[in-house]
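A.B. asks: How does the following fold in three dimensions:
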Amino acid sequence: TGVICLTRRKFLARCNSIWLLAGFKPVTGHSFRIGGTTEMLLSGVPPDVVKALGRWSSDAFLRYWR
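C.D. replies: Residues are numbered from 1 along each chain as shown. Alright, predicted model coming up:
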């Protein structure tokens, strides 16, 4: 079928190769988790929905709400 899955490792490797060439420091996948959580909360997604989507068992995700 020609379909190739984009894995977390490949995605981060590609992003970091571009950012390093541009003079930026590499990032981890955690940066995207924080950003996605913050964006959803600021966009009005109910915290219980964000919690379920992030697979959190506690309210620790609320620390990302910056």
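
A.B. asks: L21: neighbouring residues, count only.
C.D. replies: 8 (other CB atoms under 10 Å). In short, each C-beta sits where N, CA and C put it, glycine included.

A.B. asks: From Y64, how far out is it?
C.D. replies: Distance of L21 to Y64, computed by CB to CB, to the nearest Å: 29 Å.

A.B. asks: same deal with S31?
C.D. replies: Per CB to CB, S31 is found 11 Å from Y64.

A.B. asks: Settle it for me: which of the two has more neighbours?
C.D. replies: Neighbours were counted for S31 and for Y64 using other CB under 10 Å; Y64 has more, 18 against 12.

A.B. asks: so who does that one touch?
C.D. replies: Contacts for Y64 were tallied using CB atoms under 8 Å, 6 or more residues apart in numbering; they are R33, I34, T37, T38, L41.

A.B. asks: How far off centre is the helix or strand bottoming out on mean pLDDT in the chain?
C.D. replies: Lowest by mean pLDDT, DSSP states H and E among the helices and strands of the chain is helix 29-42, with a mean of 86. Counting by CA atoms, centre = their mean, to the nearest Å, helix 29-42 is centred 5 Å from the centre of its parent chain.

A.B. asks: The chain should start at 24 in everything you say after this.
C.D. replies: Got it, first residue is 24 now, which makes that one helix 52-65.
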